[in-house]
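In: Sequence and predicted model, in that order:
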Amino acid sequence: MGPRYLILDISHARATENHLNGSLATYNLKFTDLLTMTVEALTNLEDYYTNDEKVTDYGLMYRCLNQYNDRHRKEYTFEDIHDICTIALRIYKTIYPAIGTFFQQYTFSRLIVSQCLGDDLYVECC
């Protein structure tokens, strides 16, 4: 049995993509909220393989943001969601190597963000 939690260092993502925080303020969205949605949407392996259609990271992120938009009564336009997806995928690209390395050692079906403390993102492995 593998570890129950993975701790991701998000300092690089926060530092290299820090200018995006201003963009996220435009959408009334926090960096940690977007990071949580991104990790949970893009590491849920069931979503990748449940449909016969080809699923992309962008498609999963788009679906996640559409649901977030509906649940939180945000009034994002399609263009807003596209912009946020683009930001999310750029952030995800900086933390994906750590997730990929972890997955090679300990398989999981999805990651659920537990909390973010400073530059550490604690995720539960399911």
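Out: That came through, no problem.

In: Pull the contacting residues for R14.
Out: The contact partners of R14, taken as CB atoms under 8 Å, 6 or more residues apart in numbering, are F31, D119. (Glycine included, C-beta is placed from N, CA and C.)

In: So it: helix, strand or coil?
Out: For R14, the assignment made with DSSP: H, G, I helix; E, B strand; the rest coil gives helix.

In: So which elements touch the one helix or strand K93 maps to?
Out: Assessed by DSSP states H and E, K93 sits inside helix 78-105. Secondary-structure packing of helix 78-105 (3 or more CB pairs under 8 Å, 6 or more residues apart in numbering; DSSP states H and E): strand 5-9, helix 11-16, helix 20-26, helix 31-42, helix 57-71.

In: one more time with 10 Å, if that's ok
Out: Judged by 3 or more CB pairs under 10 Å, 6 or more residues apart in numbering; DSSP states H and E, the packing partners of helix 78-105 are strand 5-9, helix 11-16, helix 20-26, helix 31-42, helix 57-71, strand 111-117, strand 120-125.

In: Single out the most deeply packed of those.
Out: helix 31-42 (a mean of 20; mean count of other CB atoms under 10 Å).
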